[in-house]
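Engineer: sharing a sequence plus its predicted fold:
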Amino acid sequence: MKMSNDKESVFTVLNPVAHEPERDIYALNPRLDTLEGKKVLVLNLHGGNEEAIESVAPDLQAVVPGCNIRYYRTEGGHGAGPLTEKDWSIMLDCDAAIIGHAF
């Protein structure tokens, strides 16, 4: 309710976007043309959801029989501590990855 002696309110709208410095932009790796002959890692990052994530590997293998598919659950990550050297070695030794996690 406005009383007769109230001054009219004045609002100022500010732009909430901060000034951001210029930076280099790195694109994602290009998509593979085919999975034929490629190593594909189905990665269960942080554990959990095993049934859903494990089902991806055999289904993909049935669709693309010429690719090499591996299911792997990380030993580290999230609440289990940092990723291990073994985790990194397996993750970096593939052409493509399908990643699932338990968040």
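Structural biologist: It's in. Numbers count the residues shown, from 1 in each chain.

Engineer: quick one: which helix or strand includes Leu41?
Structural biologist: When elements are assigned from DSSP states H and E, Leu41 belongs to strand 39-45.

Engineer: and Lys86, by the same measure?
Structural biologist: Going by DSSP H and E, Lys86 is in helix 85-92.

Engineer: between strand 39-45 and that helix, find me the angle.
Structural biologist: Using axes from the mean of the first three to the mean of the last three CA atoms, to 10 degrees, the inter-axis angle of helix 85-92 relative to strand 39-45 is 130 degrees.

Engineer: hmm, Val56 is touching Ile98, no?
Structural biologist: Yes. Assessed by CB atoms under 8 Å, Val56 is found in contact with Ile98 at 5.9 Å. From N, CA and C alone the C-beta is placed, and that goes for glycine too.

Engineer: could you list every helix and strand that the strand holding Leu41 packs against?
Structural biologist: Using 3 or more CB pairs under 8 Å, 6 or more residues apart in numbering; DSSP states H and E, the elements in contact with strand 39-45 are helix 50-54, helix 56-63, strand 68-73, helix 85-92, strand 96-101.

Engineer: can you point out the buried residues in the helix or strand of the chain with the lowest mean pLDDT?
Structural biologist: Every helix and strand in the chain was compared by mean pLDDT, DSSP states H and E; the lowest is helix 50-54, with a mean of 82. Residues Ile53 are the ones in helix 50-54 that count as buried (16 or more other CB atoms under 10 Å).
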